[in-house]
Each structure stands twice: as structure tokens, then as C-alpha cells.
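J.: everything below, folded, please.
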Amino acid sequence: MEEKKKLDISQLIGFALIGAVLVWYTMTKKNETPVQENKQTEETVTTASTPSLENATVVTDSILNIEATKKYGEFANSATSGAQEQGTTVLENDVLKLVIANKGGQIVEALLKKYTTHQKAPLYLIKNNNANFNINFGTFENKIINTKELIFSPSTSKNGENQVASFKLKVANNKYLEYRYELKPNDYMLDFSIRSVGLENVINTSNKINLEWNLMALRNEKSIKYENQMTALHYEKEEGKFDDLSVSAKDDEIEENVDWIGYKQHFFSTILTTNTPFEKAELSSESLVKDVLVDTLATKKFSTVAPLKLTNGALAYNMGFYIGPNIHENLTSYDKGIENVMNLGWGIFGWINRNVFIPIFHLLSGFINNYGLVIILMTLVVRLLMSPLVYKSYVSSAKMKVLRPEIDAINAKFPGKENQMKRQSETMALQRKSGVNMMAGCIPALLQMPVFFALFRFFPSEILLRQKPFLWADDLASYDSVFEWSTNIPILSSFYGNHFSLFPVLASIAIFFYMRMNQGQQMSMQQPAQEGMPDMQKMMKMMMYFSPLMMLFFFNNYASGLSLYYFISNLLTLTIMFVIKNYVIDEEKILAKIHENRKKPKKQSKFKQRLDEAMKQAQAQQAAQQKNKKK
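T.: Got it, this is the predicted structure:
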């Protein structure tokens, strides 16, 4: 009985321990199970969400590829290049920095490193989407391709010291359109070529292949009005002829066999040259300056559309971009005629500038750093060279002054309109006997006119004067202002400007006194006013006041260097005339010379004989007409 009782107690203890273990195990499993379930749920959610995002991206890319293929056909891959779209390549030397974008393979920034704007900011000819270069063509898939919309694949290399950048618009690795840029050290000329490889079955030759080049000229100078007047589209067309579009209004031209096109921005130019002339080019220029007080950011908008032709089924054009300053000798060195982008004047005016004034100015500027002094010395050289003409003109006037009493006697002897031919005949006979030629006074004055007009073109084109100070002028290539105002005054602000320039005032005063002194000289050469004819003496008096006034208004916005030249030139001319009149010419000697000439036998030239015969015939006709009137 006792053994049985012990066994029962042990069993109970064992069962109790087993029960406790079971309870502990059960409680532990209950706590762990929800955690495992949550982990499984999270893994399920995570696993399920990842395929959803990937699927959305794939769907979006697929849609873009479909749209690109629909629009660009075989060029679709170049329309969906992702991050490469924002890529750029830099070509840079000591004078020029170019940024070329993958999109369009075109220049998006062109910085001239040695120049600044009138506000001393870096000078960009291309920036902020003011220019675009595009080739437009059709494909056999009936797609219209604009290269400016597509992404080119860039690569860079070296050709000796030259930097080379290649941009390929690919259909495949062996089918592409390539733009190739090559920049030399210390040079503003960029070699540029366009060629197609393996695109014979892609480009549809039944459609035109158009090169499109547009640029909006940004403001760089102090006076936007003056800069706009000097900003223009220039080009060379067939047979080496140079031309340009209007600087004032919207102008369009269609030209053939064009060798180069230049977008000139006063002192700087962006010029596209081609070794294979464009068979036709549609050129356009439009002024953007309607109000100088409002339109202050850009001057003109230029546009060119030129069809390209295929050679053996492929594009192969060797071109060049000049992006830099208008320096005549630099432009001439390329031997492409692009120096004609500088408007130095036509005919004799341009010849004088190229062969006389530019060499003299650059010679003097090589020794003197002050460009105001260079202008003064150049003026002195020009006036000394012209002084023989001034002397001959003044001597001729002095001779006419000595003859004046005798000419007045002839006029008194043959008064009235009916004796007009007789008066002229007797006056010419007197001058011939005295050895006086009226044209001797006019010819020297006419010979000086080309110099005047040549200099009018020289100073606005000379970049060495740009931002060079002299006295109160801070820029000899722009107006000098000693006083400015911001209030817009109708008419006055448009024509005169909102500033007061001193050099034009000094030039106007000098020309007034020059014309006043010259008037006395010219009066002696003028015939008395004839009946029914304008009074030249009165007209000359009006011009004496009108010309300085016009110069005062006209030159207020022009280069101060030009006004400085005219001021010094007129002062020197006044001095030369004063010396000639008071210390060189002796009227008594002139009179004695005239009397001596009258004693010499005169041999008439055939021209003078014919002229005398014509005068006699005219007198006879006039006499016959008067007789008929009396009847």
C-alpha cells in the first residue's frame, strides 16, 4: 500500500513538470507566430510592389519609344537618349571658348575671351538660345527630321595641336550624320564639316535638304542705336560680288552661288563659310530696335535657309565658322573675302581706307598707346597731305578776287537776261587771257570729298578704338556724354538722344568758323545772281549755319573718335588757310602775273574751240529768239 502511494506522488510531480513545459511552449509559440506572419506579409507586399514600379517604367519607356519611332523612324534612338541630352563638349583656346551641345550638335555658347561688353561683362556672341543651327530633311519612311531636336553622340580627339569634336547622329554604328569641329590654337576660325555615312537608303532625295541658321544679335555696345546701325547681314554671291541687307528695315533676299554669310554685330561677326557654294540662299534680316529706350537687349534677328546637295548620294560639305572681332588684317588672312563684312565704303572710299587710313592708323598705334593722340596725329598727317590742294584752291580764289572788278564791269556792260550768253562768253575770255581757271578752285575741293567720306566709314569700323578713353570720353568708338537724363522727351530723345556730347559741339563750332572763312574765299569766285537763277551767295550763307547745326544733332550718337577727328581737322584747316592767306599769297604778285599772262599769245585747245563755237551758236539762237518775240 505504501509503495503504491509513493509511485502516485512521483507521477503527479512528473505530470506537473510536463504540464508546465507544455504551457511555456504554448505561450512562446503564440508570441512568435504573429511576428512571422507580419514578416511574411511585408515580404509579400515588398515583393509585389517592386514589379509594379518596374512595369510602370517599362511601359513609359515603351510609350516614348513608340512615339519617337512614329515621329523620327530610324532616328528614334537619337530622340530618347536620356541623360545624354543635357551633355555638352567644350572647345577652347586662348581667344575663344565654345560650348557644343549634344542636342542638335550645335554651338550653344561662344565666348570671346579678350573682350567685354559695355558693362564690362563677358562678351558672348552666342548664349541663352539666341542661335540655332539645323538641317532639315525627309526620309524614305516619310518622316521629317530636324537635327536640332535630336541627340548626337559626341567624341573628342586631337589633330596635332588642334582640338577636334565629332558629333554623330546615328541610325546605326555605320549609318550616321556627322558634324565635325576643329579649333586651332589662338584662332577665331573654327573648321566645320558636315558629312553623311551610309544614309543613302535613309535620306529621301526627293525632298529638299535645308540648312537653317538663325541668330539674334545681342547688345554689346554703349549706344544700341549706333550699334544697330552698324549691325547687318553681309554675304558674297556669284562672281565675287559682295552685298548686304538693309540695316534699318526688315529685308529679305534670295541669292545664288553664295560663298559665305556673315552676321555682323558692329565690331564682331559670326560668319559661315563654305568651300562648296550654296546654290541658293534665302537671307533675312529684321531690326529689333523700335524704341531705343525700351528695346535694349538685342539689335537684329538674322536668318538663312540654304538647300544642300548630295555628292554621290552623301552630304560632304567643308565649312568654317568665324566667331570673333572685325579686324581687317585678320579677316584678310583667311583669303575668303570675309573682310568685306566690314563696311569700309564702296569704290574709292573703301580703297582709301584699306590702303591709306588703316595702315597709317595701325602704324601710329604701334608706337602710341593713347588712341586719342593717335587720332590727332593721324589728322595732322592727313591735313598735311591735303594742304597742297588747299593751297591751290586758295590761290585760285585769290586770282578770281583780283579779277572781280573786271568781271563786274562785264556784268554792267551786258545787263539783263537777254545778254546772259554774252556775259558768260566775255567772262570766260577774260579768264582765259588772264590764265585763270575756275575749275582750279573746284577740283581741289572735290578731291578732298573722298577723304571725308572714307573717314566717315573708317572710325565706326576700327575696333582698336573700342572702349579706349580720351579726356572726358570713356569710349572713342561710342558717344562721349558729359550730361545725361532719363526723361523721355518726344522727338528729341529719338533723334538727339538722352545725353549731351561735347566733341560734336566742338566740331560744329570749328566747322562754322571754317565755313565762314571759306565763304569769303568762295564769294569771289561766284558770278552775280542771274535773273531766274538761284542766288548761290544766299545759299552759301544758309549752309554756313545749317551744316554745323546738322553736325551737332547727327554726330551726338556717333563715335566720339569721329567727332574728335573733324574738330582737329577743321582747326588745322583754319590754321593752314590763315597762314596761306597772310604769309604765302601776295595779291599784288598775282595781279602782276595775270597782266603778264595777258601779253602771252594764247593757243586754244580743240575743246575750248568747240566750246567757243557752241557759245557763239547759243548767242545767235538767243538773238534770233529775241527778234521773233519783238515781231
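
J.: alpha carbons only for contacts and neighbour counts from here, please
T.: Noted.

J.: so residue 72 touches residue 144, yeah?
T.: Yes: because the distance of 7.2 Å satisfies Cα atoms under 8 Å, residue 72 is recorded as touching residue 144.

J.: more neighbours: which of the two?
T.: When residue 72 and residue 144 are compared on other Cα atoms under 10 Å, the one with more neighbours turns out to be residue 72, at 22 against 17.

J.: ok, and the closest non-adjacent residue to residue 254?
T.: Excluding its sequence neighbours, the residue lying closest to residue 254 (Cα to Cα, 6 or more residues apart in numbering) is residue 282, at 4.5 Å.

J.: and that neighbour, how close does it get to residue 322?
T.: In this structure, residue 282 lies at 20 Å from residue 322, with Cα to Cα, to the nearest Å as the measure.

J.: any idea how far the residue nearest to residue 254 lies from residue 303?
T.: When Cα to Cα is the yardstick, residue 282 and residue 303 sit 8 Å from each other.

J.: give me the more crowded residue out of the two.
T.: The residue with more neighbours, out of residue 282 and residue 303 and counting by other Cα under 10 Å, is residue 303; that gives 19 against 15.

J.: which residues sit in contact with that one?
T.: Contacts for residue 303 (Cα atoms under 8 Å, 6 or more residues apart in numbering) come out as 212-215, 282-285.

J.: distance of it from residue 228?
T.: From residue 303 over to residue 228 the distance is 16 Å, taken as Cα to Cα.

J.: likewise for residue 128?
T.: Separation of residue 128 from residue 228 (Cα to Cα) stands at 20 Å.

J.: same deal with residue 127?
T.: Relative to residue 228, and taking Cα to Cα, residue 127 is found at 19 Å.

J.: one more: residue 324?
T.: When Cα to Cα is applied, the distance between residue 324 and residue 228 equals 18 Å.

J.: who has more neighbours, those two?
T.: Just comparing residue 324 and residue 228: by other Cα under 10 Å the higher neighbour count belongs to residue 324, 27 against 23.

J.: secondary structure element holding the more buried one?
T.: In this structure, residue 324 is located in strand 316-325 according to DSSP states H and E.

J.: may I see the buried residues of the very next helix or strand once past that strand?
T.: Moving toward the C-terminus from strand 316-325, the next helix or strand (DSSP H and E) is helix 328-333. Along helix 328-333, the positions that meet the burial threshold by neighbour count (16 or more other Cα atoms under 10 Å) are 328, 331.

J.: stretch 334-348 now?
T.: 336-345.

J.: just the CA atoms of it, as CSV, please.
T.: Provided in CSV are the C-alpha atoms of stretch 334-348 (Å, rounded to 0.1, in the frame of the first residue of the first chain):
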residue,chain,number,x,y,z
TYR,A,334,41.9,83.7,-94.4
ASP,A,335,41.7,84.7,-98.1
LYS,A,336,38.0,84.1,-98.3
GLY,A,337,36.8,87.7,-98.8
ILE,A,338,35.2,87.8,-95.4
GLU,A,339,37.0,91.1,-94.7
ASN,A,340,34.2,92.6,-96.7
VAL,A,341,31.9,92.1,-93.8
MET,A,342,33.5,95.4,-92.6
ASN,A,343,31.7,98.3,-94.4
LEU,A,344,34.7,100.5,-95.3
GLY,A,345,32.8,102.1,-98.1
TRP,A,346,32.4,101.3,-101.8
GLY,A,347,34.8,102.1,-104.6
ILE,A,348,37.4,104.8,-104.0
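
J.: does residue 110 count as helix, strand or coil?
T.: Secondary structure of residue 110, reduced to three states by DSSP: H, G, I helix; E, B strand; the rest coil: strand.

J.: look up the residues forming beta bridges with it.
T.: Residue 110 forms beta bridges with residue 98, residue 126, as assigned by DSSP bridges.

J.: chain center to stretch 217-231, what's the gap?
T.: Relative to the chain's own centre, stretch 217-231 is displaced by 9 Å; criterion: Cα atoms, centre = their mean, to the nearest Å.

J.: so for it, mean pLDDT?
T.: On average, the pLDDT along stretch 217-231 is 89.

J.: dump the contacts of residue 303 to JSON lines, plus distance to residue 498.
T.: Below are these laid out as JSON lines (distance: Cα to Cα, whole Å):
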{"residue": "212", "distance to residue 498": "39"}
{"residue": "213", "distance to residue 498": "36"}
{"residue": "214", "distance to residue 498": "33"}
{"residue": "215", "distance to residue 498": "29"}
{"residue": "282", "distance to residue 498": "38"}
{"residue": "283", "distance to residue 498": "34"}
{"residue": "284", "distance to residue 498": "31"}
{"residue": "285", "distance to residue 498": "27"}
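
J.: most surrounded residue in these?
T.: Using other Cα under 10 Å as the contact criterion, the top neighbour count among the contacts of residue 303 goes to residue 285, which has 27 neighbours.

J.: who touches the residue lying closest to that residue once chain neighbours are set aside in this structure?
T.: Of all residues not flanking residue 285 in the chain, residue 302 sits nearest, at 4.7 Å (Cα to Cα, 6+ apart). Taking Cα under 8 Å, 6+ apart as the contact definition, residue 302 lies against 214-217, 233, 263, 283-286.

J.: now with 7 Å?
T.: Taking Cα atoms under 7 Å, 6 or more residues apart in numbering as the contact definition, residue 302 lies against 214-216, 284-286.

J.: find the nearest non-adjacent residue to residue 267, please.
T.: Distances taken as Cα to Cα, 6+ apart place residue 326 nearest to residue 267, at 5.4 Å, with adjacent residues excluded.

J.: closest to residue 149 out of the contacts of residue 303?
T.: Nearest to residue 149 among these: residue 212, at 13.0 Å, using Cα to Cα.

J.: hey, what's the closest one bridged with?
T.: Here residue 212 sits in beta bridges with residue 134, residue 305, going by DSSP bridges.

J.: I'd guessed it sits against residue 135; true?
T.: Yes: A contact is recorded between residue 212 and residue 135 when judged using Cα atoms under 7 Å, the distance being 6.1 Å.

J.: element containing residue 119?
T.: Taking DSSP H and E as the definition, residue 119 sits outside all helices and strands.

J.: meant to ask about residue 407
T.: Short version, using DSSP H and E: residue 407 is in helix 371-413.

J.: which elements pack onto that helix?
T.: Using 3 or more Cα pairs under 7 Å, 6 or more residues apart in numbering; DSSP states H and E as the contact test, the elements touching helix 371-413 are helix 358-365, helix 420-434, helix 439-461, helix 560-579, helix 587-599.

J.: give me the buried positions along stretch 229-247.
T.: Taking 16+ other Cα under 10 Å as the criterion, stretch 229-247 shows 229-237, 242, 244-247 as buried.

J.: list the ones among those that fall in strands.
T.: Cross-referencing those with the strands (criterion: DSSP state E) gives 231-237, 242, 244 as the overlap.

J.: what's the most distant pair in those?
T.: Longest distance between any two of those is 19.4 Å, between 231 and 237; criterion Cα to Cα.

J.: where are the low-confidence patches of the stretch 301-450 of the chain?
T.: Counting by pLDDT under 70, the stretch 301-450 of the chain contains low-confidence residues at 398, 401-403, 416-421, 429-445.

J.: now do stretch 275-294: everything it contacts.
T.: Applying Cα under 7 Å, 6+ apart, the contact partners of stretch 275-294 are 224-225, 233, 245, 248-259, 295, 298-307, 317-319.

J.: look up the closest residue to residue 79, ignoring the ones flanking it.
T.: Nearest to residue 79 is residue 150, by Cα to Cα, 6+ apart, at 5.1 Å.

J.: so how far is residue 303 from that neighbour?
T.: As defined by Cα to Cα, residue 150 lies at a distance of 21 Å from residue 303.
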